[in-house]
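Student: Quick one: sequence plus predicted model below, questions after.
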Amino acid sequence: MLDRVFANCTVDPLGKMQFAVNVEGVAPYDHRRVYTVKATSEDDAAWQGLRLFEDEMLCLHDADPKDD
């Protein structure tokens, strides 16, 4: 089954094509992360931050012991 990670993000420009991407997930991935990314636009930075968050959350989820 394919897991879906739902999250919202905001992007703050830092200058020189650097952006701070604040990502807040929705349960069961209700974590908050801030990523600094290099991107050509705020939209690109948002997508990069969301992808990083998704990858991290799915790795955390896979690492949790499963109940059988």
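Tutor: Cool, got the structure. Residues are numbered from 1 along each chain as shown.

Student: going forward, measure contacts between C-alpha atoms and count neighbours the same way
Tutor: Noted.

Student: Which of the residues in stretch 45-59 are classified as buried?
Tutor: Ala45, Ala46, Gln48, Gly49, Leu50, Phe53, Glu54, Met57 (16 or more other CA atoms under 10 Å).

Student: Now those residues in a markdown table, please, with extra columns for distance to Gly25.
Tutor: Shown next, in a markdown table, are the buried residues of stretch 45-59 (distance: CA to CA, whole Å):
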| residue | distance to Gly25 |
| --- | --- |
| Ala45 | 17 |
| Ala46 | 14 |
| Gln48 | 15 |
| Gly49 | 12 |
| Leu50 | 9 |
| Phe53 | 8 |
| Glu54 | 9 |
| Met57 | 9 |
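
Student: and which of those is nearest Asp30?
Tutor: Closest to Asp30 out of those is Met57 (9.4 Å), distances taken as CA to CA.

Student: Would you mind measuring from the residue nearest to the spatial centre of the chain to Val5?
Tutor: Centroid check for the chain by CA atoms, centre = their mean gives Phe53 as the closest residue, at 2.3 Å. Plainly put, Phe53 is 9 Å away from Val5 if you go by CA to CA, to the nearest Å.

Student: Would you mind stating the distance between Asp30 and Val5?
Tutor: 10 Å.

Student: more crowded one of these two?
Tutor: Set Asp30 next to Val5 and count neighbours by other CA atoms under 10 Å: Val5 wins out with 18 against 13.
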